[in-house]
Structures are given as structure tokens and as C-alpha cells.
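Visitor: Predicted structure and sequence below. I'll ask about it afterward.
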Amino acid sequence: MHPTISNKEAIFLALKQVPQGKVVTYGQLARLAGLPGAARLAGSVLRDLPKGTRLAWHRVINAQGKLSLPPDSPSYQEQIRRLTAEGVEIHNGKINLLRFGWNS
């Protein structure tokens, strides 16, 4: 029998599955965590990650293929830096989900 894990832990475990160079939407992340329809919850969990986390939060984007952070924020620039380093191409703040989206 498996111990029950929290929604937060389920989201963390799902995020660990997303390979380098690929992205998922908040909705996909929630589904991977066994929480269909909980895209907002996934976003809240990621927003509250501790500073210096090793989780690949930068691989999660919105359903339109865009980065959700404010363009003038340091986190937006960090997300672009990390994704670009993994080979993900970003044009005008948008990522081609057909090319870089991860389908588990």
C-alpha cells in the first residue's frame, strides 16, 4: 500500500518527469500529477517554490505557449536563460508547443 502524497508533492513528482529541452503547460503538469483541471493549483505551487529550488520550474508555461511571468521580472529573464540553455527556442516570449512540448 502506497502512502498518500499531497497535491503539492504530486506536482513536484510530475515536474521531475519533464525532460530537459521540453516544456509542459500548467494544465499538463496538473494532469501528470493526477489532478486534472487543477492548472491554477499547479501555478500556485510553482509560484511558492523556495528560492534556490532545484526543481525545473522553468519548463512550465501557459496553454498559449507563453511565459507567464511579467516580462520585466528577473524570474522571466531567468526562465528564458534556462530554457535557451536547454535548447528551447523562444520567439517574442512564445514557445512552439508542437516542437518543444512534452507529450508524456
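Guide: Yes, it's here.
Visitor: Nearest residue to the middle of the protein?
Guide: Central residue of the chain (C-alpha atoms, centre = their mean): V60, 1.8 Å from the mean position.
Visitor: burial count for the closest residue to I61 other than its chain neighbours?
Guide: With sequence-adjacent residues excluded and distances taken as C-beta to C-beta, 6 or more residues apart in numbering, I61 is closest to V23, at 5.2 Å. All C-beta atoms are positioned from the backbone trio N, CA, C, and that covers glycine. For V23, the neighbour count with other C-beta atoms under 10 Å is 26.
Visitor: Report the contact partners of the residue nearest to the centre of the chain.
Guide: 15, 18, 23-26, 29, 42, 46 (C-beta atoms under 8 Å, 6 or more residues apart in numbering).
Visitor: Dump the residues you listed to TSV, plus secondary structure, distance to I5 and pLDDT.
Guide: Shown next, in TSV, are the contacts of V60 (DSSP: H, G, I helix; E, B strand; the rest coil; distance: C-beta to C-beta, whole Å; pLDDT from 0 to 100):
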residue	secondary structure	distance to I5	pLDDT
L15	helix	13	97
V18	coil	18	98
V23	strand	24	98
V24	strand	19	98
T25	strand	22	97
Y26	helix	19	98
L29	helix	15	97
A42	helix	15	97
L46	helix	17	95
